[in-house]
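Asks: Predicted model, plus sequence, below.
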Amino acid sequence: MNQLIRLLLADDHILFRDGLTALLQDEPDFEVLDQAGTGDEALNLVRQHQPDVVLLDISMPILSGLEVAGQINAEQPSIKILMLTIHEEENFFFEALRVGASGYVLKGARSEDLMNAIRIVHAGETYLPPSLAGSLVQDFLSRQVRPPADDTLTSREYDVLALIAKGLTNRQ
């Protein structure tokens with residue numbers, strides 16, 4: 001059996017938290033330790049339970065998910081943070097990474113994508129939704145400024161970036 005992944009959920013919508021808890025508890029390798037409805041409650045529960053992965057909404061009362069992520073990362077950098085949000089804007093994604101998040105999942109994602117994201121983040125990798133990856137790579141590729149000749153990407157590296165921009169996964 002896989003290693004048990006201990007989770008803490010933080011979202012200000014109780015119905016969403018309850019539904020997510022029910023969904024996650026059906027997975028044999030997940031254990032939901034607790035839920036928080038505010039940012040300060042999330043910090044207290046993280047300190048109390050020491051979860052492996054914290055699922056954080058960006059928009060929460062008292063302390064935002066970004067503030068909570070920054071504090072968790074400063075205090076306990078071994079705890080993985082997965083932002084679970086409605087915000088599709090790149091600036092939220094970059095800010096989440098800056099404060100220590102290891103992943104970013106949109107609330108409109110399929111449940112399988114969320115389960116995959118949790119496992120990827122727990123394994124020490126970074127997760128971002130293919131739709132956001134595609135727009136980031138398209139933005140990168142659309143820039144006409146190329147690095148100096150000794151730092152340019154190979155043609156194969158550009159091909160891989162183009163496939164990522166189309167939303168293909170690493171495996172694909």
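Replies: Here it is on my side, so go on.
Asks: Quick check: bridge partners of the residue positioned nearest the centre of the chain?
Replies: Taking C-alpha atoms, centre = their mean, the centroid of the chain lies closest to Gly103, which sits 2.1 Å from it. In this entry, Gly103 is beta-bridged to Leu82, Tyr127, by DSSP bridges.
Asks: Quick check, pLDDT for it.
Replies: At Gly103 the predicted local confidence, pLDDT, stands at 91.
Asks: how far away is it from Leu33?
Replies: 18 Å (C-beta to C-beta, to the nearest Å). Bear in mind the C-beta positions are built from the backbone N, C-alpha and C, glycine included.
Asks: Repeat that for Glu90.
Replies: 31 Å.
Asks: now Phe92, nearest residue through space, not along the chain?
Replies: In this structure, Phe92 finds its nearest non-sequential neighbour in Ile58, 6.1 Å apart by C-beta to C-beta, 6 or more residues apart in numbering.
Asks: Just confirm that neighbour is within a helix.
Replies: No: judged by DSSP: H, G, I helix; E, B strand; the rest coil, Ile58 forms no part of a helix; its state is coil.
Asks: Neighbours of the residue nearest to Gly108 when sequence neighbours are not counted, how many?
Replies: Closest residue to Gly108 apart from its sequence neighbours, by C-beta to C-beta, 6+ apart: Ile86 at 7.5 Å. Each residue near Ile86 was counted by other C-beta atoms under 10 Å, and the total is 11.
Asks: can you check Leu161 too?
Replies: Leu161, neighbours per other C-beta under 10 Å, totals 16.
Asks: Hmm, Gly134 and it touching each other?
Replies: No: the pair Leu161 and Gly134 fails to qualify as a contact (C-beta atoms under 8 Å) at a distance of 10.3 Å.
Asks: Next SSE downstream of the helix or strand encompassing Leu8?
Replies: Assigned by DSSP states H and E, Leu8 falls within strand 5-10. Per DSSP H and E, the first helix or strand lying C-terminal to strand 5-10 is helix 14-25.
Asks: which is the next helix or strand following that following helix?
Replies: strand 30-36.
Asks: Just the buried residues of whichever helix or strand comes after that next one, please?
Replies: Following strand 30-36 in sequence order, the next helix or strand is helix 39-49 (DSSP H and E). Residues Gly39, Asp40, Glu41, Ala42, Leu43, Leu45, Val46 are the ones in helix 39-49 that count as buried (16 or more other C-beta atoms under 10 Å).
Asks: try stretch 107-121
Replies: Ala109, Leu114, Met115, Asn116, Ala117, Ile118, Arg119, Ile120, Val121.
Asks: swap in stretch 69-85?
Replies: For stretch 69-85, by 16+ other C-beta under 10 Å, it's Ala69, Gly70, Gln71, Ile72, Asn73, Ile79, Lys80, Ile81, Leu82, Met83, Leu84, Thr85.
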